[in-house]
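S.K.: Fold the following, please.
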Amino acid sequence: MQSRPGTAKVLDPNIAWLLVSGTDVGWVAPPPVTTHLHSKLEVQAAAAEEDVLTESDDGIISDPEEALAQEDRLETRVAALKRKEGLASDRTLKQAFKLMDCLIGQYKLNRTDEILKELEAVCMEKGHDWKVKYIQSTAFVRWKQYRFKDALALFLKQQDIVGASAALCENIGHTYSSLGNLPEAETYFERAIELLKRGSYGNRGGIYMGLGLVRDRMNKTREALPILQQALEHYQAEHTKDHVQLDSSIIAKAHMSVGKAHEKLGDPHKAASHMADALAIFRRTVGHDSPLTANAMACLGKVKAVLGEIKEGLTLLKGAIRLEASKDAFHLETIWELFSKVKDLHMDLAKERQAASAHTNHLASLKAAYSQYTPLIKAALARIQPRHEKDELGTLAVFYKTVGEIYMLAQDYTAGKTLINDALRCFHKIQDFDCSSLIEGCTMLLGVADANMPKAAVGAGGAGPSGGAAAGAADSSRIEELK
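M.R.: Next comes the predicted model:
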């Protein structure tokens, strides 16, 4: 028997079908304005998937357990040397930089930042090589934190001090590429190739991979693919011993680049093959919880969905969300795209079930499908900072809208309403884009929530897992209520 709207926290089946079908409430492909809202971050999102800096991987152990053991040994050694010889000792500094290399390789960026702050004054005072090493290590960390402008300034400062090298030009090229300055990136990669020919230190595979990625982003993917394949083959040859292929995360990165080029060229089978190889190598070399593993899971999950393997794709995407929500360098654009993807894929499955059987309890299926994501949404909301509303307002708005929709599909209208209100607050702040269609869609969703919430909760305005950075302490109680 159908419940009357407002009498219980149960979605009216007619409304449920509207939400699943996308009718009226705009739950189909995002309107063009949504794309415009986060278009400024599209290149940054691509860069988040491709960590290919040279020198940052030097000396990094391709075994996650041994890397942890090495980290412990180095932490102990550095602490002992600080007590015995002081922080300014060359031996202490040498071990401290080894420790940071190990930490950077594991994406433990918060701990690396702590050490950099401790070393800054000493390295600047000692000058020469220690100053350069400090600048370079800081640049690597800023790059992995998606702070590409800061990384570029540091790499250019390093170039002013030591001059150009193939390796440094490669890293500057990757950074320009991440910032969307593709012509300048191409120039630096070509300069790196010329310096290699003159005997300068550098990594041929990394340079070719960088050049291939730039050509791909210039919409020259067919031209880029053989360059990326060449980079992969170079790394495979470089990591072969006694005719045995050794594992290395850089080989996995090259597989990912080749796979994404195949995906772009419309060959999901080849894309999936390369991405699956990459994922397996990442899990063996950097572990199951690395951001590199998360990215490979996300990319492979999307391709699996294209191939019709939706359940496997959803498993991979859910795992990627869990990792993205917990990593040191939280990236709002990436996690929004992942939540949006799983929402849409579950909608596709719901439509198939609706078409196949009119007797299935579709409301129960919707709740089961979407409620599994609410703990992950809470984890993501906990990472929202004031800077996101300041610097990524459009992305934050569509993130709130997407996760609010997921809560409502999970039939938690109280939480969904709170998040949709957060989305509306952000949309109303955006001045340089027409958000009227998005605002209208959010208003419709609030109507759906009100129709399905107990009257007392509607009058109180609802409670939910607000991640609004501007909401302050008043919102923390609402978060606690849903834990």
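
S.K.: residue boundaries of the strands in the stretch 101-250 of the chain?
M.R.: Using DSSP state E, counting those that start in this stretch, the strands of the stretch 101-250 of the chain run over 240-241, 244-245.

S.K.: In CSV: those, plus mean pLDDT and mean neighbour count.
M.R.: For every residue, glycine as well, the C-beta is placed using N, CA and C. Below are those laid out as CSV (pLDDT from 0 to 100; neighbours: other CB atoms under 10 Å):
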stretch, mean pLDDT, mean neighbour count
strand 240-241, 87, 9
strand 244-245, 84, 10
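
S.K.: Export these as CSV, with columns for distance to residue 402.
M.R.: Shown next, in CSV, are those (distance: least, CB to CB, whole Å):
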stretch, distance to residue 402
strand 240-241, 44
strand 244-245, 41
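
S.K.: quick one: which of these is nearest residue 287?
M.R.: When those are compared by CB to CB, strand 244-245 sits nearest residue 287, at 19.9 Å.

S.K.: Partner strands of the closest one and their direction?
M.R.: strand 240-241 (antiparallel) (DSSP bridges).

S.K.: nearest to residue 429, of the strands of the stretch 101-250 of the chain?
M.R.: strand 244-245 (52.4 Å).

S.K.: now the helices for the stretch 251-400 of the chain?
M.R.: If you assign secondary structure with DSSP state H, counting those that start in this stretch, the helices in the stretch 251-400 of the chain sit at 268-285, 291-306, 310-326, 332-356, 362-371, 374-381, 386-391, 393-409.

S.K.: out of those helices, deepest packed?
M.R.: Counting by mean count of other CB atoms under 10 Å, helix 393-409 has the highest mean neighbour count of the helices of the stretch 251-400 of the chain, with a mean of 26.

S.K.: Run the angle between the following helix or strand past that helix and helix 393-409 for me.
M.R.: In the C-terminal direction, the helix or strand that comes right after helix 393-409 (DSSP states H and E) is helix 413-429. Compare the direction of helix 413-429 with that of helix 393-409 by axes from the mean of the first three to the mean of the last three CA atoms, to 10 degrees and you get 160 degrees.

S.K.: In terms of secondary structure, what does helix 413-429 contact?
M.R.: Contacting helix 413-429 under the criterion 3 or more CB pairs under 8 Å, 6 or more residues apart in numbering; DSSP states H and E are the following elements: helix 393-409, helix 436-452.

S.K.: so can I have a markdown table of these showing mean pLDDT and distance to residue 333?
M.R.: As requested, the helices and strands packed on helix 413-429 are exported to a markdown table (pLDDT from 0 to 100; distance: least, CB to CB, whole Å):
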| stretch | mean pLDDT | distance to residue 333 |
| --- | --- | --- |
| helix 393-409 | 95 | 5 |
| helix 436-452 | 90 | 17 |
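
S.K.: Tabulate those helices (TSV), appending distance to residue 374.
M.R.: Formatted as TSV, those follow (distance: least, CB to CB, whole Å):
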stretch	distance to residue 374
helix 393-409	6
helix 436-452	15
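
S.K.: out of these, nearest to residue 162?
M.R.: helix 393-409 (37.1 Å).

S.K.: Using CSV, lay out the helices of the stretch 251-400 of the chain together with distance to residue 218.
M.R.: Formatted as CSV, those follow (distance: least, CB to CB, whole Å):
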stretch, distance to residue 218
helix 268-285, 20
helix 291-306, 21
helix 310-326, 27
helix 332-356, 21
helix 362-371, 39
helix 374-381, 33
helix 386-391, 26
helix 393-409, 24
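
S.K.: domain parsing for the chain?
M.R.: Using automatic domain parsing, the domain parsing of the chain gives 1-30+332-483, 55-149.

S.K.: ranking those by mean pLDDT, which is last?
M.R.: Ranked by mean pLDDT, the domains of the chain bottom out at domain 1-30+332-483, which scores a mean of 75.

S.K.: What is the burial count for residue 181?
M.R.: A count of nearby residues for residue 181, using other CB atoms under 10 Å, gives 18.

S.K.: Tell me where the stretch 1-150 of the chain has helices.
M.R.: With helices called from DSSP H, counting those that start in this stretch, the stretch 1-150 of the chain shows them at 13-21, 32-38, 42-48, 64-85, 90-105, 109-126, 128-144, 148-162.

S.K.: what packs against the fourth one?
M.R.: Right, helix 64-85. Secondary-structure packing of helix 64-85 (3+ CB pairs under 8 Å, 6+ apart): helix 90-105.

S.K.: just to revisit the earlier point, right, and the helices of the stretch 251-400 of the chain - which one's nearest residue 242?
M.R.: With CB to CB as the measure, helix 268-285 is the member of these nearest residue 242 (19.0 Å).

S.K.: which residues touch the closest one?
M.R.: Helix 268-285 is touched from outside by 62-64, 247-249, 251-253, 255-256, 258-260, 262-263, 290, 292-293, 296-297, 299-300, 303-304, 306-307, with contacts defined as CB atoms under 8 Å, 6 or more residues apart in numbering.

S.K.: Repeat the analysis, applying 7 Å as the threshold.
M.R.: Counting contacts by CB atoms under 7 Å, 6 or more residues apart in numbering, the residues outside helix 268-285 that touch it are 62-63, 247-249, 251-252, 255-256, 258-260, 262-263, 290, 292-293, 296-297, 299-300, 303-304, 306-307.

S.K.: To residue 206, which of the helices and strands packed on helix 413-429 lies closest?
M.R.: Nearest to residue 206 among those is helix 393-409; the distance by CB to CB comes to 29.7 Å.
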